[in-house]
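>>> Sequence first, predicted model second:
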Amino acid sequence: MSKKKNQRREFDAVLSGEISPPATGVVLGGIEGVKRRFQSEDEEVRIAALYDTLNYGNEGLDFVIEALEDDSQRVRDDAAYLLRNTEDEKAKQALFDYNPWLAFTKLTDWKSQEINFPQKINNWRPQVFYYPALYCYNPADDCLCFFVENQDCFPNLKALFWGCSKTYTNQHCGYHNWFFDGYAYYDGYVYQLKENMSPILEAYPDLQLLHIRGAIDNKFLEESILFTRIQHHHLKTLILETPVSLIDSPYDSEDVHYFFEENGNLGQLITKDICTLDLPNLEYLEMWVGYSYKGYEEDKIIANISEYFPNLKYLGIHYIYNTNLFVEELVKSSLIEPLRVLEITDGDMTDEGLEYLLNSPDVNNLHTLNISRNYISSCNQSLKKFACQQVVIESKPEFGYYDEDLFNQIYE
């Protein structure tokens, strides 16, 4: 009888830690009970306790943030997962401090669907309209109007890729780039940036990511408009990708000249259009500027980015001419302070630009600094002085634009 009397019945209360907790909901013992379970030597029990902490508001959130410093990699990974899926600015900031790559908004964050134009719109499967992320490859001129005029058909759209589709590899010169979908570059199979993209932002106020990939027609460069003045409160990631000019490179040819006589880079449009956007919550900005345009003003670009993108955590600038001057202006600006990741690659930066970076306290507070494929001396001992958590330096450019004679001349 006594044994039966002491047996636990279905609805009896239990002490915390006596049985496994429910998957969701508040656990008996409150947050303190959860913390006691987290002290277990069993990793599975500790992880289960971690998942329960978010049921306890700010105190539970603080506990998950503290778990980012746990000795167990699995616990740290699960803590990062929980924070990434929590709609809380404190959680987002904790991820930026821990590892910003986990916090950035990416196309892979959502279930996506590819649309290859010129497939007729009335042939699309009905479920296409409900995907939160769309890859719109090789869009025709009237496709932009369709998306703008039919925004009600895409109620869940959060991320949009717009432009050329696949990576093209030139086997003859070892040159890798994204454009032309398997065609040779001189065939001109490339999406032209001819249309104002601001109506897309206006039509989709909840859009969080916009990735544009295409070329600019030099014949209409003065008339081209990539963006007009607009304020957008939800865009977090903006990527502008254009062809890389090989003119005056070791891989120069008549075919290359033909293409780049017809198609240009982002340089002029950056000064003219990109900084007219007012994106107060933009966190990630990546741009392929291009060597072919040398008339931009570095100080104005940086000042405008600082003003209109005040919450930027990532800045990626690729293929920019006169990189040393750009870096000099960057480290003097207020733009550098909030950054967690800085990538300045495939430019003409020398050891002079490296010293500008090294002497900046804000640069040394970065999580990641990537200055690959510039003209920095491979034997420069200053590289070891950076205090960033991750420094990425590849000495020789991966792409075609690389002047071996110039590199040797600088460092002989």
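Structure's in. What do you need?
>>> dump the residue contacts of residue 314.
Contacts for residue 314 (C-beta atoms under 8 Å, 6 or more residues apart in numbering) come out as 100, 104, 283, 284, 285, 286, 339, 340, 341, 342, 343. No exception for glycine: its C-beta is placed from N, CA and C like everyone else's.
>>> I misspoke; the intended subject was residue 356.
Residue 356 makes contact with 324, 327, 328, 331, according to C-beta under 8 Å, 6+ apart.
>>> mind running it again at 6 Å?
327, 328, 331 (C-beta atoms under 6 Å, 6 or more residues apart in numbering).
>>> Among the residues you listed, name the ones in helices.
Secondary structure from DSSP state H places 327, 328, 331 of the contacts of residue 356 in helices.
>>> Could you give the number of residues near the nearest residue to the last one once chain neighbours are set aside?
In space, residue 331 comes closest to residue 360 once its chain neighbours are excluded; the distance is 4.1 Å by C-beta to C-beta, 6 or more residues apart in numbering. Counted with other C-beta atoms under 10 Å, the burial measure for residue 360 works out to 17 neighbours.
>>> again with residue 42
Other residues near residue 42 number 9, with proximity taken as other C-beta under 10 Å.
>>> any chance you could map the strands in the stretch 251-400 of the chain?
For the stretch 251-400 of the chain, the strands defined by DSSP state E, counting those that start in this stretch cover 263-264, 277-278, 284-290, 314-320, 341-345, 368-370, 390-392.
>>> Mind checking the ones you listed for the one nearest to residue 55?
Of all these, strand 284-290 sits nearest to residue 55, with 31.2 Å by C-beta to C-beta.
>>> Who are the contact partners of residue 212?
Going by C-beta under 6 Å, 6+ apart, residue 212 touches 162, 163, 240.
>>> Hmm, the second one is touching residue 214, no?
Yes - under the contact definition of C-beta atoms under 6 Å, residue 163 touches residue 214, with a separation of 4.3 Å.
>>> any chance of the ones in helices among the contacts of residue 356 in a markdown table, with pLDDT too?
Compiled in a markdown table, those are given as follows (pLDDT from 0 to 100):
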| residue | pLDDT |
| --- | --- |
| 327 | 94 |
| 328 | 93 |
| 331 | 94 |
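>>> related to what we said a few turns ago, quick one: the residue nearest to residue 331 and residue 330 touch, right?
No - counting by C-beta under 6 Å, residue 360 stays clear of residue 330, with 8.6 Å between them.
>>> Kindly tell me how buried the spatially closest residue to residue 131 that is not a sequence neighbour is, as a neighbour count.
Excluding its sequence neighbours, the residue lying closest to residue 131 (C-beta to C-beta, 6+ apart) is residue 113, at 4.2 Å. Using other C-beta under 10 Å, residue 113 has 17 neighbouring residues.
>>> give me the beta-bridge partners of residue 113?
Each beta-bridge partner of residue 113 is listed here, defined by DSSP bridges: residue 134.
>>> what about it, distance to residue 197?
For residue 113, the distance to residue 197 equals 20 Å [C-beta to C-beta, to the nearest Å].
>>> what does residue 59 give?
Residue 59 is 44 Å from residue 197, by C-beta to C-beta.
>>> How about residue 242?
Residue 242 is 13 Å from residue 197, by C-beta to C-beta.
>>> Comparing these two, which shows the higher neighbour count?
Between residue 242 and residue 197, counted using other C-beta under 10 Å, the more crowded position is residue 242 (30 against 21).
>>> The more buried one touches residue 286, doesn't it?
No - Residue 242 is beyond contact range of residue 286, at 11.6 Å (criterion: C-beta under 6 Å).
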